[in-house]
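>>> pasted the sequence and its predicted model underneath.
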Amino acid sequence: MRAMEDGTAPRERPPAQHRPLLDHRKRKHQAEGGRSDPAHNAKRRRTGGRPDDGARQWVFSPRDLSSFKERFVIVSYNILGVENALKHLDLYDSIPSECLSWDLRKRRMHKELRSYNPSILCFQEVDKFDDLADLFREDGYTGIYKQRTGEATDGCAIFWKEKEFTLLYQEDIEFQKFGLRNNVAQLCLLKVSLNQSNDQVDKDAGSEIEPVSCRTLLVGNIHVLFNPNRGDIKLGQMRVLLERANTLSKQYGNTPVVISGDLNSTPKVLNIIIITQSAICQFLTSNELDILQYDRKNISGQIEYPVRQMTYAIQHDRFRSFQYETLQQKFRWSEEEVCLASGRRGCTRLQNPLTLSSAYRGVPGNLHTRDENGEPLATSCHSKFMGTVDYIWHSSALVPVGVVDTLTIKVLRRLRGLPSKKWGSDHLALVCKFAFIDDEANAASTMDNH
């Protein structure tokens with residue numbers, strides 16, 4: 001996600017008499033020496049006095065999924081395009097300049113991703129595809145790339161492990177052909193030949209898995225338009241991708257579908273005075289969406305809040321006091337905007353042929369990293385925005401076994417933005433381990449537990 005100037009004045013520091021009193025436990029801790037204890041000093045010496053960049057851990061579903069043996073790990077990652085970073089240096093004025101070095105960032109991202117042992121990698125904001133191809137070729141991956149149309153130099157890329165998958169079909173979507181700007185999306189139909197579960201992250205996998213030669217998987221990768229005011233374009237891009245994914249899935253025997261990417265939309269938006277699920281997320285999880293129930297200019301919830309003010313998008317209570325007078329106006333959609341969103345003139349209801357679920361919602365997390373619905377609190381963080389815009393969605397023929405949890409808000413605030421000396425992008429990689437569900441009855445039973 002790329003932010004733009006919003007002209008918001010810095011939040012004034014409240015008068016001393018209005019500031020929260022220091023918790024008595026903290027006062028006692030400081031009186032007894034606070035952070036000067038030997039253990040803390042030893043930790044500071046080990047880290048060279050630098051802030052802790054945090055750690056990410058696998059968390060697994062509490063449900064018994066042992067009967068679903070065939071599994072794979074997929075990553076969705078906006079890797080921060082080199083040119084985009086240079087064009088928007090104001091977003092990274094709080095981090096060390098060396099953290100923007102592409103040579104350093106690509107090595108840090110490669111090191112992190114290798115630790116997850118992924119089967120499939122979906123990247124957005126790729127403008128150094130050859131560098132990535134060289135890096136991941138050493139690990140047994142091959143991939144495809146689609147650059148954005150127009151003057152942009154970045155695009156989307158999908159990599160997969162050659163020993164686990166064979167490419168049967170690929171399709172690129174250029175949204176400009178539908179009057180939906182220069183963004184692009186990718187669809188890959190992969191033939192699966194998994195000989196065993198991914199035991200690096202699933203130590204209790206049990207017996208070895210017999211190879212299956214006929215299993216297929218459809219993977220979609222998208223980077224949705226950023227512009228917060230063009231909700232019609234955002235919805236239109238998602239509609240086109242979902243329609244095409246549904247067609248391909250049916251052509252290949254209702255093959256399972258995974259859609260990943262940077263959707264440039266938060267999980268929730270402020271709709272007049274009520275916080276509701278964003279239109280993009282609602283569209284993905286339901287079969288129909290009435291677009292007239294949403295403000296076109298507020299569909300994505302992309303409100304910019306400086307990280308210095310210790311806030312994050314939508315989920316933070318301060319959002320309730322945001323000045324939303326403009327949202328009190330009647331929602332207005334022109335005939336052209338309705339057509340761009342729905343694909344048909346005069347049609348105000350979007351049809352989604354696929355019913356999808358969010359992978360992270362399917363694996364419970366904790367209050368330090370997730371909102372009340374299970375979505376990450378933040379997948380992107382720079383000086384003007386902290387919030388969730390990245391997702392992995394899946395059809396009912398797949399079930400999330402585990403995910404790599406995101407960083408806590410506390411860590412992101414301490415870092416004052418990304419990239420850092422450990423994390424190579426201003427987004428966090430989303431990582432999910434999926435299992436194939438063998439029949440419709442099992443699928444329905446599993447989805448009921450979400």
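Cool, got the structure.
>>> report pLDDT for the nearest residue to C347 once chain neighbours are set aside.
Nearest residue to C347, sequence neighbours excluded (CB to CB, 6 or more residues apart in numbering): V338, at 7.0 Å. Heads up, the C-betas are built off the backbone N, CA and C, glycines and all. Reading off the confidence values, V338 has pLDDT 92.
>>> by contact count, what packs against the helix or strand in which V338 is found?
Taking DSSP states H and E as the criterion, V338 maps to helix 335-342. Here helix 335-342 touches helix 231-251, strand 349-351, going by 3 or more CB pairs under 8 Å, 6 or more residues apart in numbering; DSSP states H and E.
>>> so which of these gets nearest V404?
helix 231-251 (24.5 Å; CB to CB).
>>> is it correct that T379 is in contact with H427?
Yes - contact criterion CB atoms under 8 Å: T379 and H427 qualify, at 5.9 Å.
>>> which residues do these two both contact?
Common neighbours of T379 and H427 are listed as 389-390 (criterion: CB atoms under 8 Å, 6 or more residues apart in numbering).
>>> go ahead and confirm L168 touches C214.
No - L168 is beyond contact range of C214, at 11.3 Å (criterion: CB under 8 Å).
>>> please enumerate the helices of this protein.
Ranges of helices in the chain, per DSSP state H, are 24-31, 38-46, 82-87, 102-116, 129-137, 231-251, 279-285, 335-342, 409-415, 440-448.
>>> which of those helices sits most buried?
helix 279-285 (a mean of 24; mean count of other CB atoms under 10 Å).
>>> so for the closest residue to S380 other than its chain neighbours, what's the pLDDT?
The spatially closest residue to S380, leaving aside those adjacent along the chain, is H427, at 4.6 Å (CB to CB, 6+ apart). Model confidence at H427, expressed as pLDDT, equals 99.
>>> residues contacting H427?
Going by CB under 8 Å, 6+ apart, H427 touches 1, 77-80, 262, 379-380, 389-390, 418.
>>> show only the entries of those residues found in strands.
Cross-referencing those against strands under DSSP state E gives 77-78, 262, 380, 390.
>>> that older thread, as a markdown table, the helices of the chain with distance to I222 would be great.
Output for the helices of the chain, formatted as a markdown table (distance: least, CB to CB, whole Å):
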| stretch | distance to I222 |
| --- | --- |
| helix 24-31 | 45 |
| helix 38-46 | 41 |
| helix 82-87 | 17 |
| helix 102-116 | 20 |
| helix 129-137 | 17 |
| helix 231-251 | 6 |
| helix 279-285 | 11 |
| helix 335-342 | 16 |
| helix 409-415 | 25 |
| helix 440-448 | 23 |
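>>> where among the helices and strands packed on helix 335-342 is average confidence lowest?
Of all the helices and strands packed on helix 335-342, strand 349-351 has the smallest average pLDDT, which comes to a mean of 89.
>>> coming back round to it: least confident of the contacts of H427?
M1 (60).
>>> for stretch 88-99, buried residues please.
For stretch 88-99, burial by neighbour count (16 or more other CB atoms under 10 Å) applies to 88, 91-92, 95, 99.
>>> okay, those in CSV with pLDDT next?
As requested, these are arranged in CSV below (pLDDT from 0 to 100):
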residue, pLDDT
H88, 97
L91, 98
Y92, 98
I95, 96
C99, 98
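>>> quick one: contacts for V184?
Applying CB under 8 Å, 6+ apart, one finds that V184 lies in contact with 146-149, 155-156, 172-175, 222-223.
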